[in-house]
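A.B. asks: Make a model of this:
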Amino acid sequence: MFNFKSMIKEFAVPIEVQTSTGVDGGHYDDAGEYVADTGTDTLKLNEPLVPPTQQMLYSYTEGGEADVYDLDWYSEQSGIAVGTIVKEVRTGREYRVAGATDYQAYAGITQYQLKAVS
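C.D. replies: Numbers count the residues shown, from 1 in each chain. You can find the predicted model right below:
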């Protein structure tokens, strides 16, 4: 197994993961009704956020130009739900987990695809 831990430490930036904000942020009560969790916990980590192709992608729309920020997050954390909010501490930008690729079995990491929260 290739060990990515040294790379994660080398390229890490401070991030905050707001747990219970994703699709697993709730439970079913005794009557079988889904109840969304009201509280969130913040997991503070130092892990890499990397642009997938370039720092900023541009989208030209009617009436102007919109900046779209997307990132890949390489994490030793597994099981982060789609929809979970991830905040880049330095810039204050928030991203939502859009998907994940699990490499835990042979690399010890999960790659999460993040989309900017507007």
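
A.B. asks: dump the residue contacts of Leu49.
C.D. replies: Val13, Ile15, Leu71, Asp72, Trp73, Glu88, Leu114 (Cβ atoms under 8 Å, 6 or more residues apart in numbering). From N, CA and C alone the C-beta is placed, and that goes for glycine too.

A.B. asks: Please repeat the previous calculation with a cut-off of 6 Å.
C.D. replies: Contacts here follow Cβ atoms under 6 Å, 6 or more residues apart in numbering; on that basis Leu49 touches Val13, Leu71, Trp73, Glu88.

A.B. asks: so which strand or helix has the nearest residue to it once chain neighbours are set aside?
C.D. replies: Excluding its sequence neighbours, the residue lying closest to Leu49 (Cβ to Cβ, 6 or more residues apart in numbering) is Leu71, at 4.6 Å. Using DSSP states H and E, Leu71 sits within strand 70-75.

A.B. asks: ok so, going back, for the buried ones among the contacts of Leu49, write the corresponding PyMOL selection.
C.D. replies: Buried residues within the contacts of Leu49, by 16 or more other Cβ atoms under 10 Å, are selected in PyMOL with:
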select buried, resi 71+73+88
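
A.B. asks: tell me the least confident of the contacts of Leu49?
C.D. replies: Least confident of the contacts of Leu49 in the model: Leu71, at 91.

A.B. asks: hmm, back to that, other SSEs contacting the next helix or strand along the chain from the strand holding Leu71?
C.D. replies: Sequence-wise, the next helix or strand downstream of strand 70-75 (DSSP H and E) is strand 85-88. Where contact means 3 or more Cβ pairs under 6 Å, 6 or more residues apart in numbering; DSSP states H and E, strand 85-88 is packed against strand 13-19, strand 94-103.

A.B. asks: how about these, which one is nearest Gln77?
C.D. replies: Smallest distance to Gln77 across the helices and strands packed on strand 85-88 (Cβ to Cβ): 7.4 Å, for strand 13-19.
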